[in-house]
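Chemist: heads up, no residue letters with this:
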Ligand SMILES: Nc1ccn([C@@H]2O[C@H](COP(=O)(O)O)[C@@H](O)[C@H]2O)c(=O)n1
């Protein structure tokens, strides 16, 4: 059975115009030309589900270099935490030369779209290990790190302050998961005044002797393609992250996608990938892997807008605010906690008429093989509308009942 709402009939082109308008007004940043999405509807549904669950269910996991920091600034590359150490206060000329040679050899491999993660893995271990050995030979001084960071051209992405501040205000934990150098990373965020108590860092930390000289690196090496292991061993143990099944993940490498593997019983994961370098070669892989891809976007605008939306107290979501907008979108309205049974209420458009040029809003009440529910679908639909504060709607004429097994 289908209940019609006849007063809302409209030609398809109007629907498309409304769709465009609404998408723009909900999270206008998603309409930026730097934004690519393979499945926009899935992104919207995930964001809606995360918004309904609220800030208390959310955790943010982010990579650092080229994700929270900019890729380029004023036409030059921004240094990674490793490259910040390339400073005469810390290393000599010979070490600089060797580190640069290693960078020129291995960075192209790291971002090579033609090689698999398995192929890259041993080469990444070699790169990181050789550089760390060079740094240890230099006996880098702990008390010089802050000065080296100050003298560097490290820059966090535009909008970083809003990002860190918002997460702190909302008491959302931020886990920074970096294959860079933890001590340097900490200094960068400290000097930018955003090293707040909700920030947790998993990275390669230096081990200094009693004189303050580098003698080793602590723990298991983290490189760009073994973050899964780190996630399983470290992140799972962080008490502050427990009971937060929704994850916003930010990264710039396909290897970053495994950073949420330590989140037990996760419900929704939304991934945002910064595609900074070798754009054309890597675009397809990024679009197929991240939910949202940001092409050469040096800002935190999209992440901030998504966060603002997820943590807003608005009750309604895409497709649900009929009363406000006098229209709606064909996306799902999930009302999971409303009923003691598994019932799913969608509001969707059905195209009718001989040429399919008019649409009919249809409320679909989906339930799992329960006859009582089936008989009372209309009632549940009414409850759902009230719950979603859509009770000013004219009486529904048809409700579609869908029995799923
Ligand atoms: N010797 C090295 C080793 C790695 N890098 C770069 O640092 C990045 C790792 O840090 P994340 O915060 O992104 O995990 C990585 O992408 C390498 O390109 C380096 O510059 N020097």
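Modeler: Here it is on my side, so go on. Every value quoted in this text rests on a predicted model; they were computed, and no experiment measured them.
Chemist: for the longest helix seen in the chain, which positions count as buried?
Modeler: Using DSSP state H to define each element, the chain has its longest helix at helix 117-137. Using 16 or more other C-beta atoms under 10 Å as the burial criterion, the residues of helix 117-137 that qualify are 120-121, 123-124, 127-128, 130-132, 134-136. For the C-beta atoms, the positions are set from N, CA and C on the backbone; glycine is no exception.
Chemist: which residues are contacting it?
Modeler: Contacts to helix 117-137, defined as C-beta atoms under 8 Å, 6 or more residues apart in numbering, come from residues 82, 85, 91, 95, 98-99, 102, 105-106, 109-110, 112, 179, 204, 214-217, 221, 223-226, 254-255.
Chemist: out of these, which touch the ligand?
Modeler: Among the contacts of helix 117-137, the ones lying near the ligand by C-beta under 6 Å from any ligand atom are 82, 110, 179, 224.
Chemist: ranking those by neighbours, who comes first?
Modeler: When neighbours are counted by other C-beta atoms under 10 Å, residue 179 leads these with 27 neighbours.
Chemist: is it true that it touches residue 220?
Modeler: No. Residue 179 is beyond contact range of residue 220, at 11.3 Å (criterion: C-beta atoms under 8 Å).
Chemist: residue ranges with poor pLDDT in this structure?
Modeler: 1-25, 314-405 (pLDDT under 70).
Chemist: which bits of it sit near the ligand?
Modeler: Applying C-beta under 6 Å from any ligand atom, we find that the chain lies next to the ligand at 63-66, 80, 82-83, 103, 107, 110, 127-128, 131, 178-180, 224, 253.
Chemist: Just the ones in helices from the contacts of helix 117-137, please.
Modeler: Among the contacts of helix 117-137, the ones falling in helices (DSSP H) are 82, 95, 98-99, 102, 105-106, 109-110.
Chemist: from the chain's centre, how far out does the longest helix of the chain sit?
Modeler: 28 Å (C-alpha atoms, centre = their mean, to the nearest Å).
Chemist: cool, stretch 261-271 as well?
Modeler: For stretch 261-271 - counting by C-alpha atoms, centre = their mean - the centre lies 11 Å from the chain centre.
Chemist: What distance do you get for residue 218 to residue 62?
Modeler: Applying C-beta to C-beta, to the nearest Å, the value for residue 218 to residue 62 is 21 Å.
Chemist: Those two - which one has more neighbours?
Modeler: More crowded of residue 218 and residue 62, by other C-beta under 10 Å: residue 62, with 23 against 12.
Chemist: quick one: the more buried one and residue 251 touch, right?
Modeler: Yes. Contact criterion C-beta under 8 Å: residue 62 and residue 251 qualify, at 7.2 Å.
Chemist: how long is stretch 174-193 from one end to the other?
Modeler: From its first residue to its last, stretch 174-193 covers 15 Å (C-alpha to C-alpha, to the nearest Å).
Chemist: Could you do stretch 217-232 as well?
Modeler: Using C-alpha to C-alpha, one end of stretch 217-232 lies 20 Å from the other.
Chemist: Which positions within that stretch qualify as buried?
Modeler: In stretch 217-232, counting by 16+ other C-beta under 10 Å, buried: 217, 221-227, 230-231.
Chemist: ok, and what's touching stretch 98-114?
Modeler: Residues outside stretch 98-114 that contact it (C-beta under 8 Å, 6+ apart): 82-83, 86, 91, 115, 120, 123-124, 126-127, 130-131, 134, 224, 253, 277-278, 281-282, 285.
Chemist: cutoff 7 Å now
Modeler: Under the contact criterion C-beta atoms under 7 Å, 6 or more residues apart in numbering, stretch 98-114 has outside partners 86, 115, 120, 123-124, 127, 130-131, 134, 224, 277-278, 281-282, 285.
Chemist: try stretch 156-164
Modeler: So stretch 156-164 is in contact with 68-70, 192, 194, 196, 298-301, 303-304, going by C-beta under 7 Å, 6+ apart.
Chemist: My guess is residue 141 contacts residue 215. True?
Modeler: No. Contact criterion C-beta atoms under 7 Å: residue 141 and residue 215 do not qualify, at 11.7 Å.
Chemist: where's residue 30 relative to the ligand, distance?
Modeler: Separation of residue 30 from the ligand (C-beta to the nearest ligand atom, to the nearest Å): 24 Å.
Chemist: Confirm that that residue sits in a strand.
Modeler: No. Under DSSP: H, G, I helix; E, B strand; the rest coil, residue 30 falls outside any strand and is assigned helix.
Chemist: one step back: residue 141 and residue 215 - which one has more neighbours?
Modeler: residue 141 (16 against 13).
Chemist: hey, what's the more buried one bridged with?
Modeler: Residues in a beta bridge with residue 141, per DSSP bridges, are residue 213.
Chemist: Likewise for residue 295?
Modeler: residue 275.
Chemist: same question, residue 69
Modeler: residue 156.
Chemist: Against residue 83, how distant is it?
Modeler: As defined by C-beta to C-beta, residue 69 lies at a distance of 11 Å from residue 83.
Chemist: Residue 59 now?
Modeler: Residue 59 is 29 Å from residue 83, by C-beta to C-beta.
Chemist: Over to residue 101?
Modeler: Here residue 101 is placed at a distance of 13 Å from residue 83 (C-beta to C-beta).
Chemist: And the two? Which one has more around it.
Modeler: Ranked by neighbour count (other C-beta under 10 Å), residue 101 and residue 83 place residue 83 first, with 21 against 11.
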